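S.K.: next come a sequence and a model predicted from it.
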Amino acid sequence: MDESSASLQIEELGSYITDLKNDLQAVKNGVDYKYSNGLAEGSVNMIKLIKRIMYGRNSFILLKAKILLNEYYYQIN
C-alpha cells in the first residue's frame, strides 16, 4: 500500500494509486494531448444499447439497419 493511502487506511485507494503509477505514461498522455477516443466510445456505447434493447427479438439485418439509421439521424441533427 502507498504511504498516502496508508495514512488514510483505505485499501481501495492504495490499489487505485498503485495502478495509476503503473500506467503513469498513459495518464500523462491523456493530459498532454488534445486527442480523444470519446467519439468512437460513444458510438460503441450506442450500438451496445441498441443490441441490448433488441436482444433475441430480431435478425442481424434489422440490427444493422437500425444502427445505420441511428448514425444517419444523428449526423443530420
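M.R.: That came through fine. Fair warning: this is a prediction, and the values are worked out from it, not measured in the lab. Numbers count the residues shown, from 1 in each chain.
S.K.: any idea of the mean pLDDT for stretch 52-65?
M.R.: The average pLDDT for stretch 52-65 rounds to 85.
S.K.: what do you get for stretch 70-77?
M.R.: 68.
S.K.: where's the most centrally placed residue in the chain, which helix or strand?
M.R.: For the chain, the residue sitting closest to the mean C-alpha position, by Cα atoms, centre = their mean, is Glu41 at 5.5 Å. If you go by DSSP states H and E, Glu41 is part of helix 38-54.
S.K.: list the helices and strands that helix packs on?
M.R.: helix 60-76 (3 or more Cβ pairs under 8 Å, 6 or more residues apart in numbering; DSSP states H and E). For glycine as for every other residue, the C-beta is placed from the backbone atoms N, C-alpha and C.
S.K.: can I get the helix it packs on in CSV, CA atoms only?
M.R.: The C-alpha coordinates for helix 60-76 follow below in CSV (Å, rounded to 0.1, in the frame of the first residue of the first chain):
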residue,chain,number,x,y,z
PHE,A,60,-28.9,-9.2,-37.7
ILE,A,61,-30.2,-7.4,-40.8
LEU,A,62,-32.7,-5.4,-38.8
LEU,A,63,-30.0,-4.6,-36.2
LYS,A,64,-27.7,-3.4,-38.9
ALA,A,65,-30.4,-1.2,-40.4
LYS,A,66,-31.3,0.3,-37.1
ILE,A,67,-27.7,1.2,-36.3
LEU,A,68,-27.2,2.8,-39.7
LEU,A,69,-30.4,4.7,-39.4
ASN,A,70,-29.4,5.9,-35.9
GLU,A,71,-26.0,7.1,-37.3
TYR,A,72,-27.7,8.9,-40.2
TYR,A,73,-30.2,10.5,-37.9
TYR,A,74,-27.6,11.9,-35.5
GLN,A,75,-25.5,13.2,-38.4
ILE,A,76,-28.4,15.3,-39.6
